[in-house]
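Asker: here is the input, now give the coordinates:
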Amino acid sequence: SGSNMSLGRTLDGGAGDKNSGLVTGGFTSPPAAVRNETEEYDGSGWATGGDLGTARYEAALRGTQTSALFFGGGEPSVSGKTELYDGSSWSEQTDLNTVRVTLAGAGVSTAMVAFGGNNPPPQTAFTEEYNGTSWSEQNDMNTAKTTAAGLGIQTAALAAGGIAPPGTFALTEKYNGTSWTEVNDMNTARTNL
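Answerer: Numbers count the residues shown, from 1 in each chain. Alright, predicted model coming up:
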C-alpha cells in the first residue's frame with residue numbers, strides 16, 4: 001500500500017498509472033469548496049504538484065503525469081475550460097465548444113476525444129476531438145448519457161455505462177475516430193465509473 005493523499009476529496013480527476021499518477025480538482029466538504037490542488041503519485045507516495053488555473057469538479061482528466069488534459073467540469077457553474085499539465089504546472093488551452101460536467105474522455109493530450117456529460121441536465125451525446133490546439137465537434141454518440149467510463153485512444157475509444165433517464169446503463173459504444181457504434185453491453189449496469 002502507498003501513502004494517503006494530502007487532501008481528501010471527491011468528484012476529482014485522475015490520470016496516469018500506478019507509478020506516475022495524477023489527481024486534481026474535486027470537491028471537499030465541510031467546508032464546501034471546489035478545489036484546484038494537484039497531487040502526483042510516484043508509486044509509493046504523494047507530492048504536491050502545480051495548482052489548476054481554475055478550480056473545478058466533475059471534469060475529465062486524461063493523459064499522463066507529465067502531459068495531461070483536464071477539461072469541462074463545474075466551477076461551480078458548468079465550464080468548458082481546458083487546461084494542460086506539463087508535470088509541474090497547468091496552462092489554459094482552448095475551451096470545449098460545449099460546456100458540461102460529468103463527461104468522459106479518451107486519448108492523450110495532443111489527440112483527445114471528449115463525450116457525453118451534462119450541459120447542465122439533460123444528458124448530452126456530444127463528441128469533440130482535441131488536436132493539441134483546439135476542439136472540434138464530431139458525430140454524437142448514439143445514446144446521450146453522463147458519468148460513463150471513457151477509455152482508449154482518440155481513434156479507438158469506448159464509452160461504457162453511465163446514466164440517463166430512465167436509469168443506469170450497461171450500454172457500451174465504440175468510437176473509431178469518426179462515428180460511434182454500439183457494441184456488447186457490460187455484464188452489470190453502473191454509473192460514476
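Asker: what residues are bridge-paired with the residue positioned nearest the centre of the chain?
Answerer: Centroid-nearest residue in the chain, with C-alpha atoms, centre = their mean: Ala60, separated by 1.3 Å. Note on Ala60: beta-bridge partners by DSSP bridges are Phe71.
Asker: which SS state does Ala47 fall under?
Answerer: Secondary structure, DSSP: H, G, I helix; E, B strand; the rest coil: Ala47 is strand.
Asker: what is the least confident helix or strand in this protein?
Answerer: Every helix and strand in the chain was compared by mean pLDDT, DSSP states H and E; the lowest is strand 163-164, with a mean of 92.
Asker: before we move on, back to that, which residues touch the residue nearest to the centre of the chain?
Answerer: Residues near Ala60 by C-beta atoms under 8 Å, 6 or more residues apart in numbering: 13, 70-73, 103-105, 114, 150. C-beta coordinates here come from the backbone N, C-alpha and C atoms, glycine included.
Asker: again, but for Ser109
Answerer: Taking C-beta under 8 Å, 6+ apart, we find Ser109 in contact with 62-64, 67-69, 84, 130, 132.
Asker: again with Val99
Answerer: 72, 78-80, 119.
Asker: nearest to Ala157 among the contacts of Ser109?
Answerer: Lowest distance from Ala157 to those (C-beta to C-beta) belongs to Arg62, with 10.1 Å.
Asker: torsion angles phi and psi at the closest one?
Answerer: Arg62 adopts backbone torsions of phi -140, psi 150, taken as degrees, to the nearest 10.
Asker: and for Val108, the neighbour number?
Answerer: Other residues near Val108 number 16, with proximity taken as other C-beta atoms under 10 Å.
Asker: how close does it get to Tyr85?
Answerer: 12 Å (C-beta to C-beta, to the nearest Å).
Asker: again with Thr94
Answerer: For Thr94 relative to Tyr85 (C-beta to C-beta), the value is 16 Å.
Asker: repeat that for Leu7.
Answerer: 17 Å.
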